[in-house]
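Asker: All I have is the shape, not the residue letters:
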């Protein structure tokens, strides 16, 4: 037991400078800030568009649809950000310099995952703020009373706070395994926007268990074909954990060569 504690403490100490380096690398790139801004803009636009076409702006259904529309961009952009960050080292050749500092690719992957977990959470916060701002702004302009403390809003906010960091981690796994940045980002987009939607529509019993739909379910999406919010969050958590373990083992094998 004591040896295990020592090993964990040693790993943590080795990861600390790597995490600091990854944090600086992620937030110092203009692309990271552009993606975050794009997420915020899309959240406001989609949420506002939904409110503008609603027949009853104060209804529970409208609140559900608005929260859903405003938070979906956060899930998508978080996954893209994860894939971008984890594949940038190979695209720009910085991985060789990193390995001179610490020769373990696996530790660099774990450091990247830790940083992107927090970055993903920032996307979730942006999505939450944008969704609430949409509701507040619309209520102020039209005079409609928006119930911002309703369980509908609370469940959506909690769900997006859980799902966006997990989506960012899944993006990190894709980027780390594929390395080629355009391919990694393209894979994330094609999977989330092209492959999963038809499966949800045509084969809901299968599609609802995929990562994207599970994340949508966690945010209390009004789509009846999805899982419940709790089950969706649990499924996404398990799938993310499996992806992290598999990616970590693949990268560990690279270290062993």
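Answerer: It's in. Please read all numbers here as calculations on a predicted model, not as lab measurements. Numbers count the residues shown, from 1 in each chain.
Asker: make it CA atoms for all contacts and neighbour counts henceforth
Answerer: OK.
Asker: mind showing which ranges of this protein have poor pLDDT?
Answerer: Regions of the chain meeting the criterion pLDDT under 70 cover residues 1-12, 54-60, 144-148, 255-257.
Asker: For stretch 187-200, give me every contacting residue.
Answerer: The contact list for stretch 187-200 (Cα atoms under 8 Å, 6 or more residues apart in numbering) reads 76, 79-80, 83, 171, 174, 206-208, 210, 212-213, 225.
Asker: can you give me the helices in the protein?
Answerer: For the chain, the helices identified by DSSP state H occupy 2-28, 30-52, 60-91, 94-101, 105-142, 151-178, 181-190, 196-202, 204-207, 211-218, 229-256, in order along the chain.
Asker: just the buried members of the contacts of stretch 187-200?
Answerer: With burial judged by 16 or more other Cα atoms under 10 Å, the buried subset of the contacts of stretch 187-200 is 76, 79-80, 83, 171, 174, 207-208, 210, 212-213, 225.
Asker: Now the two most distant members of those.
Answerer: Looking at the buried ones among the contacts of stretch 187-200 by Cα to Cα, the two members farthest from one another are 83 and 225, with 28.0 Å of separation.
Asker: can you pull the buried residues of stretch 20-28?
Answerer: Residues of stretch 20-28 classed as buried under the neighbour-count rule (16+ other Cα under 10 Å) are 21-23, 26.
Asker: for it, the distance to its chain's centre please.
Answerer: What separates the centre of stretch 20-28 from the centre of its chain is 18 Å, taken as Cα atoms, centre = their mean, to the nearest Å.
Asker: Same question for stretch 19-35.
Answerer: Using Cα atoms, centre = their mean, the distance between the centre of stretch 19-35 and that of its chain works out at 16 Å.
Asker: circling back: which one among the buried ones among the contacts of stretch 187-200 gets closest to residue 47?
Answerer: Nearest to residue 47 among the buried ones among the contacts of stretch 187-200, with distances taken as Cα to Cα, is residue 76, at 15.1 Å.
Asker: what about the closest one, distance to residue 96?
Answerer: Note on residue 76: its distance to residue 96, by Cα to Cα, to the nearest Å, is 30 Å.
Asker: What of residue 171?
Answerer: Following Cα to Cα, the distance that separates residue 171 from residue 96 is 22 Å.
Asker: go on, residue 181?
Answerer: The value you get for residue 181 to residue 96, if Cα to Cα is used, is 16 Å.
Asker: Comparing the two, which shows the higher neighbour count?
Answerer: When residue 181 is set against residue 96 and neighbours are counted by other Cα atoms under 10 Å, the residue ahead is residue 181, at 22 against 12.
Asker: what sits against the residue lying closest to that one once chain neighbours are set aside?
Answerer: If you skip the residues right next to it in sequence, residue 181 has residue 87 as its closest partner in space, 5.1 Å away by Cα to Cα, 6 or more residues apart in numbering. For residue 87, the contacting residues are 172, 175-176, 178-181, 184, taking Cα under 8 Å, 6+ apart as the criterion.
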